[in-house]
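Asks: build me a model from this:
(chains A and B)
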Amino acid sequence: MLDIKFIKENKEIVQAGALKKKVEVDIDKLIALDDDRLKQLKEVEDLRGEINRVSNDIGRNQDQALKIQLIEEMRSVKEDLKAREEKLKETITEWQKIMLQVPNVPDISVPEGASDEENQEVRNWGEKPTFPFEMKDQLTLIKNHDLADFERGSKVSGFRGYFLKNEGALLCFALWQFFLDNLINRGFTPMIVPSLVKKQALMGTGYIPGGEDDLYRNQDDDYFAGTGEVATMSYYSNEILEKEKLPLKFASFSTCFRREAGSHGKDVKGFFRVHEFYKLEQVIISEASHEESVKLHEEITKNVEDLLIALNLPYHVVVNCGGDLGLGQVKKYDIEVWVPSQNKYRETHSSSYFHDFQTRRLNIKYRGQDGKLHYAHSLNNTAVATPRIIEAILENYQQEDGSVKIPEVLRKYMGGKEFIK
RNA sequence: GGAGACGUGGCGGAGAGGUCUAACGCACUUGUCUUGAAAACAAGAGUACCGCAAGGUACCGUGAGUUCGAAUCUCACCGUCUCCGCCA
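Replies: Numbers count the residues shown, from 1 in each chain, chains lettered A, B, ... in the order given. Predicted coordinates for the structure are as follows:
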């Protein structure tokens, strides 16, 4: 959510930002509605003031006749007030609806574009492997080594269901622990956070309204979050933080649920696109400074790059174009890892910053040196999402004899094992 | 799942329809006194919105309702605690 005052004072910037994100929102209507809201608010508050004043007089007054007369008068004032309150409420409801649709303004460095096809590579690392033998794809490797069972997965869990087995399961544990250890060393606080959350948590992080179709919901109208970011950000909702403790850095582990509505035909096989997966997420709450946000954004991106390098997985970083940004994101990098069988990079990480878009919705503030309260800034990036990334590991690390080498940095988490045979 | 109790300002805790929306205590800030501190005394201090300002409005878990007037009465929801049951 943006500050209505900011929207009014920077109408053109907000409109241009929405255009860049390909979001349709009527800013002129919003501003007219806000003027209306303020006018009605003043009228309602004046009436309430009058009722308060006279009602106090009634309480103090001993003259019965005067009392009755004043009560009569207040009855009619109250009727007037009720009608105006009703009208104000309607105005506010409509106002809020539009306010929730106004996207955050993308950074100047975000390229123009409509979809992920127009994202731009900013750097790449690693040698794409060439195989002097016939390369196998992830499905073959998974099947040959019994790393997962998709048939029984869909029998039990439904479309896109899976069981992880043997080294398939062990690789997940190893990856979680490897990334977690490294993030703890970099000052992150480990957390395991809920996936089952209230609607408010999803509104606060910007997934609702807009993302309902991709979210599972239960019979109590709670939702299953698609990322640990949702619960982690909501952890401090409606709280005032100590400035000295900022930035707060969390490495949050959670199960993630995504309906993948509208992508039924895509990536139907393998680990890439599943309804239920496991993710370690970096989440940061920082002081409200653009420079600090940019610095931390580069930092959480580098955190992942360092570890992909340690895993020796070829990757590149793309800056997302305006049309591929979420409602609240100011700027986003996707980190994509090389998948040999597809001869392309596939997204494994997503790194964004939001300024105060989320903290304004979640009401997370801190007291600045000026003694005033400020909405904090927020950022997040994947640390590691499993089993998706295992697809790339299996293919990049496959050997001529059909075995798969285990990345060196993971071996200590897998009992020293060197190969999946 | 069953039964009961309870949600008040940073904390503790009163208030049970009208002298102002919050007693009292602790903590906090400033001042007096003191070489300094402690103590004592005095004063001050919440958040949001509207307004150039004076000032106004809202906030006693949340939301509705009753009333001229609600922290106080009614209803729903959320949460906490205790006991029973079940359970990893």
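Asks: surely residue A:262 is in a strand?
Replies: No: applying DSSP: H, G, I helix; E, B strand; the rest coil, one finds residue A:262 to be coil, outside a strand.
Asks: and the pLDDT for it?
Replies: With respect to pLDDT, residue A:262 has a value of 70.
Asks: wait, doesn't residue A:413 sit right on residue A:174?
Replies: Yes: counting by Cβ atoms under 8 Å, residue A:413 touches residue A:174, with 3.7 Å between them. For the C-beta atoms, the positions are set from N, CA and C on the backbone; glycine is no exception.
Asks: residues contacting residue A:15?
Replies: residue A:27 (Cβ atoms under 8 Å, 6 or more residues apart in numbering).
Asks: try residue A:410
Replies: Neighbours of residue A:410 in contact, by Cβ under 8 Å, 6+ apart: A:171, A:174-175, A:178, A:311.
Asks: out of these, which sit inside helices?
Replies: A:171, A:174-175, A:178 (DSSP state H).
Asks: for the nearest residue to residue A:154 once chain neighbours are set aside, give me its contacts.
Replies: Distances taken as Cβ to Cβ, 6 or more residues apart in numbering put residue A:161 closest to residue A:154, at 4.7 Å, once the chain neighbours are dropped. If you count contacts by Cβ under 8 Å, 6+ apart, residue A:161 has them with A:150, A:153-155, A:274-276.
Asks: and what of residue A:379?
Replies: Applying Cβ under 8 Å, 6+ apart, the residues contacting residue A:379 are A:282-284, A:286, A:293, A:296-297, A:300, A:351-354.
Asks: ok, 7 Å please
Replies: A:284, A:293, A:296-297, A:300, A:352-354 (Cβ atoms under 7 Å, 6 or more residues apart in numbering).
Asks: parallel or antiparallel, which strands does the helix or strand harbouring it pair with?
Replies: Using DSSP states H and E, residue A:379 sits in strand A:377-386. Sheet pairing of strand A:377-386 (DSSP bridges) gives strand A:276-286 (antiparallel), strand A:344-355 (antiparallel).
Asks: need the CA coordinates for that strand. PDB is fine.
Replies: Extracted in PDB, the C-alpha atoms of strand A:377-386 (Å, rounded to 0.1, in the frame of the first residue of the first chain):
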ATOM      1  CA  HIS A 377      11.400  -1.400   4.700                       C
ATOM      2  CA  SER A 378      11.200  -5.100   3.700                       C
ATOM      3  CA  LEU A 379      13.100  -7.400   1.400                       C
ATOM      4  CA  ASN A 380      13.200 -11.100   0.600                       C
ATOM      5  CA  ASN A 381      14.900 -13.700  -1.400                       C
ATOM      6  CA  THR A 382      14.800 -17.400  -1.700                       C
ATOM      7  CA  ALA A 383      17.700 -19.200   0.000                       C
ATOM      8  CA  VAL A 384      16.900 -22.600  -1.400                       C
ATOM      9  CA  ALA A 385      13.700 -24.200  -2.800                       C
ATOM     10  CA  THR A 386      13.500 -27.900  -2.800                       C
END
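Asks: and the next element down the chain from that strand?
Replies: Assigned by DSSP H and E, the successor of strand A:377-386 is helix A:388-396.
Asks: circling back: turn the strands paired with strand A:377-386 into TSV, columns for mean neighbour count, distance to RNA strand B and mean pLDDT.
Replies: Output for these, formatted as TSV (neighbours: other Cβ atoms under 10 Å; distance: least, Cβ to the nearest atom of the strand, whole Å; pLDDT from 0 to 100):
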stretch	mean neighbour count	distance to RNA strand B	mean pLDDT
strand A:276-286	23	17	95
strand A:344-355	22	17	95
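Asks: many thanks, I have nothing further to ask.
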